[in-house]
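Participant: missing the sequence, but the structure's below:
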């Protein structure tokens with residue numbers, strides 16, 4: 001079976017509900033995955049909007065997700081710090097999830113939720129590491145990637 005990422009909140013290629021957009025509830029959506037590659041020791045999740053006017057805009061990175069996990073519940077980024085998950089600083093300047101917020105009238109944007117299986121347990125990133133730095137540290141350790149794409153248009 002192929003490494004797979006999905007959400008009970010929206011189907012691949014479909015609209016992201018307002019609960020998960022920045023001007024709505026701004027909660028991270030629930031995510032679940034299966035069939036990770038053999039040798040997975042941790043996961044990295046990154047959410048990017050390649051349709052942003054100034055190029056790729058990064059909304060969220062959560063890393064050092066333990067290999068035994070197969071889901072992230074709704075609101076993971078807003079929950080009390082009960083887990084030792086790392087969060088990269090997004091392009092809004094925040095170390096947490098910020099949902100879709102495309103410019104009004106810019107058409108539908110595509111939000112890529114990419115889950116990477118890594119061959120190391122921790123990325124050893126600092127508390128204020130920007131998402132780009134987290135990706136650079138992870139890149140040589142990626143052994144598989146699963147993707148879910150949601151859309152959102154700000155009318």
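Facilitator: Received it, and whenever you're ready, just let me know what you need. Small disclaimer: the values here were computed from a predicted structure and weren't measured.
Participant: which elements pack onto the lowest-mean-pLDDT helix or strand in the chain?
Facilitator: The weakest-scoring helix or strand in the chain, judged by mean pLDDT, DSSP states H and E, is strand 86-87 (a mean of 93). Helices and strands touching strand 86-87, by 3 or more Cβ pairs under 8 Å, 6 or more residues apart in numbering; DSSP states H and E, are strand 57-66. Backbone N, C-alpha and C define where each C-beta goes, glycine included.
Participant: just after the strand it packs on, pick out the following helix or strand.
Facilitator: Following strand 57-66 in sequence order, the next helix or strand is strand 71-72 (DSSP states H and E).
Participant: what's the least confident helix or strand of the chain in contact with?
Facilitator: 60-64, 77, 95-96, 122-123, 125, 129, 134 (Cβ atoms under 8 Å, 6 or more residues apart in numbering).
Participant: of these, just the buried ones, ChimeraX syntax please.
Facilitator: Of these, the buried ones go into a single ChimeraX selection, burial set by 16 or more other Cβ atoms under 10 Å:
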select :60,61,62,63,64,77,95,96,123,125,129,134
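Participant: of the contacts of strand 86-87, just say which sits nearest to residue 34.
Facilitator: residue 62 (18.3 Å; Cβ to Cβ).
Participant: report the contact partners of the residue lying farthest from the centre of the chain.
Facilitator: Ranked by distance from the centre of the chain (Cα atoms, centre = their mean), the top residue is residue 105, with 24.7 Å. Residue 105 makes contact with 154-155, according to Cβ under 8 Å, 6+ apart.
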